[in-house]
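Asks: Sharing a sequence plus its predicted fold:
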Amino acid sequence: MQSARALAVGAAFAFAFAAAAPAQTTSPDLTRLETESGNVRGIAANGVISFKGIPFAAPPVGALRWRMPQPVKPWQGTLSADKFGPACMQADDVPKSEDCLTLNVWRPAEASAAPLPVMEWIYGGALVHGRTSLYPADALARQGVVVVSMNYRMGRLGFFAHPALATEAPDDVRGNYGYMDQHAALQWVQRNIASFGGDPAQVTIFGESAGGGSVMVHLTSPMSRGLFRAAIMESPGVPTARAKVGGLTEIADAEALAVNYARSMGITGDGPAALKALRELPADKLSEGATAQEQIEALSTEKPLNGFAGSIRDGKLVLEAPELALASAHQAMVPVIIGANERDLGLGVANSKDELFAVFGANAAQARKVYDPAGDQPLDELKQQVFADKAMPEPARHFADAMARAGQPAWLYRFSFVADAHRGELKGATHAYEIPYVFDIPAALVGDKVTDADRAMADVTSAYWVSFVKTGDPNGGGRLQWPRHEPAVDRLINFTKTGVLVEPDPIKPRLDLWQTLWTNAR
């Protein structure tokens, strides 16, 4: 949900014929190729060709604000795809625009004899902030894959369900416009990625935090079936695999939130006039009061931000909460990697230890024994452990359990590595800390303070991810064998400060308590 501190061969062979000389084959220019909407020109550097800022949907402005993404209008000439497009609207002070539906592609500079597997990244940010420019994928592409990332609408521009929209476009997916942008990008990949040397039959979607939650949405949505063959979820949230942690907003509640927001802007009614007035509001105005921190506080207190519905059960793209989909085996049956970090993001509020442990109900005494056996833990430390366990590691384990019970390959991880430069200030790997290691760019986290240990951890972490993308199994290359998850076996892979370990879950008793609570709450 928070950003980390701080990443198709379509050209034809040309032949040059010289008079009285044999034909000579020239190398294809892989920086220039054709998409369904027009020609693009990328940049070759350091063994990678990148194409940035390619439109995958029409600008969602004017009458297209709060509408499903529409097809791109073809362009004339060649689009210079040499820089990231602006981020979608958000409260952050970054280059941004309401006209933001672009994506980026990285591929190896050398032509491949066979189409390459594809990784499609969905960034996190609590569904209110984030941008693709934070995640350069050159290092991943150099490992023999094609990588795609896309912008998607966020905040009130991406997750908003005013009742007038149902009258205007009754057949649209309503409210979840950000998820539909992601869906449109997945469809774009199916239609276009072969031009970039990618294989549309070998797409893996991966994301972190709200991006991981977005992956979970597509895994459990019938509309997204067939658009990918595998999935990776890093600290997935909004939604999570536990409905009582990061659940869905019902469409009626989302409509009420939108109406109340409109009234706060002096706009009344639920008809076309109200919708017209809402569309005339400046995009900057719609982004006010929706920072990532404000959304995290809203999730912690279960008090939604004014007008922002978050993930909505819209009845088309999102039919049910992931937990219910898993219970009924309605998810896509594909291999998955899922996990969380050692000191991940906590969602909850407590002003005393009594208030904190009261969330466990009849198991409050047992929770004290597990979390605070000597009674000497500071309240802030306990809140971090209790609420992080609730929000991230336990729902991740629950998802892995459900996939394994459905007969699908699942691999469960914990990320506990901390860069040498941070070991004096961090007690453990915080939310989103794994991302630079997955992308094999540890310098994005610590700059010129990268050590050999940092590089080694980035190399091995990204290698597991890339192997999974290539083969559906993270193992190979002489790395420590990462065992498939089995619900009855207490074992996961842990990326630790001393290296990669396969071991029992260090916090299993804590997660078991949360599992008991959710089981008894049904």
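Replies: On my side now, so go ahead.
Asks: Now do residue 298: how many residues are near it, please.
Replies: 19 (other C-beta atoms under 10 Å). For glycine as for every other residue, the C-beta is placed from the backbone atoms N, C-alpha and C.
Asks: Could you verify my assumption that it touches residue 305?
Replies: Yes: Residue 298 is within contact range of residue 305, at 5.0 Å (criterion: C-beta atoms under 8 Å).
Asks: quick one: low-confidence ranges for the stretch 251-400 of the chain?
Replies: Across the stretch 251-400 of the chain, nothing is flagged by pLDDT under 70.
Asks: ok, now with 90
Replies: 302 (pLDDT under 90).
Asks: Domain boundaries for this structure, per the record?
Replies: The record's domain parsing of the chain by automatic domain parsing lists 1-334, 392-522.
Asks: Could you provide those domains in TSV, with additional columns for distance to residue 363?
Replies: Putting the domains of the chain into TSV (distance: least, C-beta to C-beta, whole Å) gives the following:
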stretch	distance to residue 363
domain 1-334	15
domain 392-522	6
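Asks: So which of these is nearest residue 382?
Replies: Residue 382 lies closest to domain 392-522 among these, at 11.0 Å (C-beta to C-beta).
Asks: Determine how far the last residue of the closest one lies from the first.
Replies: 20 Å (C-alpha to C-alpha, to the nearest Å).
Asks: just stretch 373-383 next, same as before
Replies: 15 Å.
Asks: ok so, going back, so which of the domains of the chain is the most packed in?
Replies: Comparing those by mean neighbour count (mean count of other C-beta atoms under 10 Å), domain 1-334 ranks first with a mean of 20.
Asks: could you point out where the chain is predicted with low confidence?
Replies: 1-28, 246, 302, 521-522.
Asks: Pick out the residue closest to the middle of it.
Replies: In the chain, the centroid-proximal residue (C-alpha atoms, centre = their mean) is residue 211; its distance is 1.7 Å.
Asks: Confirm that one sits in a helix?
Replies: Yes: the assignment for residue 211 by DSSP: H, G, I helix; E, B strand; the rest coil puts it in a helix.
Asks: Wait, it touches residue 120, no?
Replies: No: Residue 211 lies out of contact with residue 120 (C-beta under 8 Å); the separation is 10.5 Å.
Asks: mind checking how far the residue nearest to the centre of the chain is from residue 158?
Replies: 13 Å (C-beta to C-beta, to the nearest Å).
Asks: go on, residue 312?
Replies: According to C-beta to C-beta, residue 312 stands 11 Å off from residue 158.
Asks: Spit out the residues that contact those two alike.
Replies: By C-beta atoms under 8 Å, 6 or more residues apart in numbering, residue 312 and residue 158 have these common neighbours: residue 176.
Asks: so what's the nearest residue to residue 264 once chain neighbours are set aside up against?
Replies: Spatial nearest neighbour of residue 264, excluding adjacent residues (C-beta to C-beta, 6 or more residues apart in numbering): residue 306 at 6.3 Å. Taking C-beta under 8 Å, 6+ apart, we find residue 306 in contact with 257, 260-261, 264, 289.
Asks: Can you say which helix or strand has residue 306 in it?
Replies: Taking DSSP states H and E as the definition, one finds residue 306 inside no helix or strand.
Asks: Kindly report the same for residue 262.
Replies: Residue 262 belongs to helix 251-264, assigned by DSSP H and E.
Asks: residues making contact with that helix?
Replies: So helix 251-264 is contacted by 156, 159-163, 174-175, 249, 268, 270, 274, 277-278, 304, 306-309, 312-315 (C-beta under 8 Å, 6+ apart).
Asks: what are the phi and psi angles of residue 159?
Replies: Dihedral pair for residue 159: phi -140, psi 80, per degrees, to the nearest 10.
Asks: distance of the closest residue to it other than its chain neighbours from residue 250?
Replies: Distances taken as C-beta to C-beta, 6+ apart put residue 309 closest to residue 159, at 5.0 Å, once the chain neighbours are dropped. Going from residue 309 to residue 250 by C-beta to C-beta gives 9 Å.
Asks: Next: residue 507.
Replies: From residue 507 to residue 250 the distance is 33 Å (C-beta to C-beta).
Asks: Next: residue 132.
Replies: If you go by C-beta to C-beta, the gap between residue 132 and residue 250 works out to 31 Å.
Asks: Ok, residue 63 next?
Replies: 27 Å.
Asks: ok, residue 437 touching residue 453?
Replies: No: here residue 437 lies out of contact with residue 453, judged by C-beta under 8 Å, at a distance of 11.3 Å.
Asks: residues contacting the closest residue to residue 80 other than its chain neighbours?
Replies: Take residue 80 and drop its neighbours on the chain: the residue closest to it by C-beta to C-beta, 6+ apart is residue 41, 5.6 Å away. Listed by C-beta under 8 Å, 6+ apart, the contact set of residue 41 reads 31-32, 78-82.
Asks: of all those, which comes closest to residue 422?
Replies: So of the contacts of residue 41, ranked by how close each gets to residue 422 (C-beta to C-beta), first place is residue 82, at 33.6 Å.
Asks: Next up, phi/psi of the residue nearest to the closest one when sequence neighbours are not counted, please.
Replies: Of all residues not flanking residue 82 in the chain, residue 43 sits nearest, at 5.1 Å (C-beta to C-beta, 6+ apart). Dihedral pair for residue 43: phi -120, psi 130, per degrees, to the nearest 10.
Asks: What distance do you get for residue 43 to residue 31?
Replies: 7 Å.
Asks: Quickly list what's touching both of the two.
Replies: By C-beta under 8 Å, 6+ apart, the residues touching both residue 43 and residue 31 are residue 49.
Asks: what kind of secondary structure is the closest residue to residue 249 other than its chain neighbours in?
Replies: In space, and not counting its chain neighbours, residue 249 is closest to residue 309: 4.6 Å by C-beta to C-beta, 6+ apart. Here residue 309 takes the coil state, with states given by three-state DSSP.
Asks: pretty sure residue 309 contacts residue 160?
Replies: Yes: using C-beta under 8 Å, residue 309 is in contact with residue 160, at 6.4 Å.
Asks: Touching both of these two, which residues are there?
Replies: 175, 254, 258.
Asks: As JSON lines, those residues with distance to residue 219 would be great.
Replies: Shown next, in JSON lines, are those (distance: C-beta to C-beta, whole Å):
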{"residue": "175", "distance to residue 219": "19"}
{"residue": "254", "distance to residue 219": "22"}
{"residue": "258", "distance to residue 219": "27"}
